[in-house]
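Asks: pasting the sequence and the predicted coordinates here, then a few questions.
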Amino acid sequence: QMDKELSVGEVMQVTTAKSGSRGFFAIDSRIWEQLSSDGVNRSIAYLVLACGTGSGNKATSWSTQAVMKYAGMGWQRAKNNVLSTIEDGFVRRAAIHTEERPRYELTTFPEFMCSSYADAKFDRFDLSLLSAIKAGEQPKSASQLRRARSLAMNDCLWRDREGHYWLPSEIPAASSEHLIWLPNSIVTGTPKLEEPPIHRLRSAEPWWATGLFVNLYAEHNLRDDGGISPATLSMKFDRKEFARKGAYVVWGFREKGLAYGWHGPFDDDKWRFGPKEKWELRVKENVECLKSLGLFSFVPHVYDRQRDGEPLHAYGIGAIGEADIELKIGDAARRAAMAMLSKEVRERAEAEGFNYFCPIHRSKTSAQMIGVGRLTYRPHTMRTARWFAGLQERGPAWIETFDTLASGAEGRPELQKTSKRVNES
């Protein structure tokens, strides 16, 4: 189950199995971009079919019944959305398909684009531009760029992240940079029998949350970032110094708001249309939706500096996506900070809205708390294994450091752990 921490050996065991049994599957981000731009039900039906693929992430025997079971759709809606993925070119019936024993294949992105290209009608200006691109030239003039954008919108050209246009016949096959690895449990749920994530997403508003949810998995890197890179999406904190004791400064932190970049999951014009003041609101609404569904959280980390810094340690607060040892580190840091602050200072800090406190070595003059975005259901991959192993290796030393600071603080009051794990699921 996705919310249970695995040992390194257990994670390695599941990652060396075949794809169908190792707990995760892959989809092409370029296909997902096309799918998720037009309604949620068809996208969710596609995820169900993709979850049923084997090691090649292509052939699936899952069909209408699986969409009904996991997405909570009625028979007719489930059937219509499966048919929609076929009619729109994202899925095709396999050669061995029958009505009694449905068998499907996920279409590759080059196949999808070639199908759209074959059905299109071009005028002489289109043909001239297509010939130039085939010869290795890219559109340069304003009129060429307008026409190229129009062809790309109609799936007759593909524009990559660098802005280069490709003919469908020359589009490269999916590589590691195009694949989004997803845990099976976002479709099937876990043995705890909670409602599967896609079931929750299907009834959620805004419906863009489904597209964002999947795209965030492409940015999720527990090993290097403890979740999603702060440059992509994070929670900002204000900081304030409240005490000094020996070699340590006690800093207080309070939430300030979201930080994000217009790249990765937000690299799409749909986030940036209309008045500019609505752009941030649009991002906030979708992030809050994922949080309210129990699919995403921000896990505070103490970094050695705000910009381009490295995480020193997690600061668990009981968020749904935390590992147990992260909560223990956060509790130890809080106990140490409270022991180093007088009652008057604590009351003043809390009155100012500072809820999180941590002793940080005085040499870390630019240290800052950053809320790292983390998805609740995580793939059991080698990255996950390395992240968890690193926590187990470094975590006890941080706990010991904070416990020593708490024990050595003069006039330490009796303290109780106030953090409590919430919404375990």
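Replies: Right, received. Where do you want to start?
Asks: where in this protein is pLDDT low?
Replies: Along the chain, segments meeting pLDDT under 70 span 1-22, 410-425.
Asks: so which residue is dead centre in it?
Replies: Taking Cα atoms, centre = their mean, the centroid of the chain lies closest to Leu216, which sits 2.4 Å from it.
Asks: that one: helix or strand, and which one exactly?
Replies: Using DSSP states H and E, Leu216 sits within helix 208-219.
Asks: which helices and strands sit right next to that helix?
Replies: helix 29-35, helix 41-51, strand 179-183, helix 197-202, helix 277-292, strand 368-375 (3 or more Cβ pairs under 8 Å, 6 or more residues apart in numbering; DSSP states H and E). Quick note: C-beta positions are derived from backbone N, CA and C, even for glycine.
Asks: what angle sits between that helix and helix 41-51?
Replies: 40 degrees (axes from the mean of the first three to the mean of the last three Cα atoms, to 10 degrees).
Asks: with only the CA atoms kept, save helix 208-219 in PDB.
Replies: In PDB, the C-alpha atoms belonging to helix 208-219 read as follows (Å, rounded to 0.1, in the frame of the first residue of the first chain):
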ATOM      1  CA  TRP A 208      -8.100  20.600 -14.000                       C
ATOM      2  CA  ALA A 209      -7.100  19.100 -10.700                       C
ATOM      3  CA  THR A 210      -6.900  15.700 -12.400                       C
ATOM      4  CA  GLY A 211      -4.500  16.900 -15.000                       C
ATOM      5  CA  LEU A 212      -2.300  18.700 -12.400                       C
ATOM      6  CA  PHE A 213      -2.400  15.600 -10.200                       C
ATOM      7  CA  VAL A 214      -0.900  13.400 -12.900                       C
ATOM      8  CA  ASN A 215       1.600  16.000 -14.100                       C
ATOM      9  CA  LEU A 216       2.900  16.500 -10.600                       C
ATOM     10  CA  TYR A 217       4.200  12.900 -10.600                       C
ATOM     11  CA  ALA A 218       6.500  13.900 -13.400                       C
ATOM     12  CA  GLU A 219       8.100  16.400 -11.000                       C
END
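Asks: what's the angle between it and strand 368-375?
Replies: Relative orientation of helix 208-219 versus strand 368-375 (the same axes, to 10 degrees): 110 degrees.
Asks: helix 208-219 vs helix 277-292, what angle?
Replies: Using the same axes, to 10 degrees, the inter-axis angle of helix 208-219 relative to helix 277-292 is 80 degrees.
Asks: list of residues touching helix 208-219?
Replies: Applying Cβ atoms under 8 Å, 6 or more residues apart in numbering, the contact partners of helix 208-219 are 27, 29, 32, 36-37, 40, 43-44, 47, 180-182, 186, 197-198, 201-202, 204, 228-229, 232-233, 264-265, 270, 282, 286-287, 289-290, 293, 295-296, 373, 375, 379.
Asks: go with 6 Å
Replies: Helix 208-219 has contacts (Cβ atoms under 6 Å, 6 or more residues apart in numbering) with 29, 32, 36, 40, 43, 180, 182, 201, 228, 232, 264-265, 286, 289-290.
Asks: show me how far that helix is from its chain's centre.
Replies: In terms of Cα atoms, centre = their mean, to the nearest Å, the centre of helix 208-219 is found 6 Å from the chain centre.
Asks: next helix or strand past it?
Replies: Counting by DSSP H and E, the element after helix 208-219 in chain order, helix or strand, is strand 220-221.
Asks: what pairs with that following strand, parallel or antiparallel?
Replies: Paired strands of strand 220-221, with direction, are strand 227-228 (antiparallel) (DSSP bridges).
Asks: show me what the very next helix or strand once past the strand it pairs with is packed up against.
Replies: Heading C-terminal from strand 227-228, the first helix or strand you meet, by DSSP H and E, is strand 233-245. On a contact count with 3 or more Cβ pairs under 6 Å, 6 or more residues apart in numbering; DSSP states H and E, strand 233-245 meets strand 248-260, strand 368-375.
Asks: buried sites along strand 233-245?
Replies: Using 16 or more other Cβ atoms under 10 Å as the test for burial, strand 233-245 gives Leu233, Ser234, Met235, Lys236, Phe237, Arg239, Phe242, Ala243, Lys245.
Asks: over to stretch 286-295?
Replies: By 16+ other Cβ under 10 Å, the buried positions in stretch 286-295 come out as Asn286, Val287, Cys289, Leu290, Lys291, Leu293, Gly294, Leu295.
Asks: got those as CSV, with distance to Leu312 columns?
Replies: What follows is the buried residues of stretch 286-295, written out as CSV (distance: Cβ to Cβ, whole Å):
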residue, distance to Leu312
Asn286, 30
Val287, 25
Cys289, 31
Leu290, 27
Lys291, 25
Leu293, 31
Gly294, 28
Leu295, 27
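Asks: out of those residues, the closest to Met340 would be?
Replies: Lys291 (32.0 Å; Cβ to Cβ).
Asks: if we ignore the residues flanking it in sequence, what's nearest the closest one?
Replies: Using Cβ to Cβ, 6 or more residues apart in numbering and skipping the chain neighbours, the partner closest in space to Lys291 is Ser297 (6.2 Å).
Asks: my read is that neighbour is in a helix, agree?
Replies: No. With DSSP: H, G, I helix; E, B strand; the rest coil as the criterion, Ser297 is strand rather than part of a helix.
Asks: hang on, it packs against Gly321?
Replies: Yes. The pair Ser297 / Gly321 is scored as a contact, 4.5 Å apart, by Cβ atoms under 6 Å.
Asks: common neighbours of those two, please.
Replies: Taking Cβ under 6 Å, 6+ apart as the criterion, Ser297 and Gly321 both touch Arg374.
Asks: who is the residue nearest to Lys291 paired with across the strands?
Replies: Beta-bridge partners, per DSSP bridges, of Ser297: Arg374.
Asks: then the one 4 residues further on?
Replies: Listed beta-bridge partners, His301: Ala314, Ile370 (assigned using DSSP bridges).
Asks: so who does it touch?
Replies: Counting by Cβ under 6 Å, 6+ apart, His301 touches Gly226, Pro311, Ala314, Ile370, Val372.
Asks: tilt between the longest helix seen in the chain and strand 179-183?
Replies: Scanning the chain for the longest helix, with DSSP state H as the assignment, gives helix 382-408. Per the same axes, to 10 degrees, the angle that helix 382-408 makes with strand 179-183 is 60 degrees.
Asks: could you list every helix and strand in contact with helix 382-408?
Replies: When contacts are defined as 3+ Cβ pairs under 6 Å, 6+ apart, helix 382-408 packs onto helix 8-15, helix 222-225, helix 324-340.
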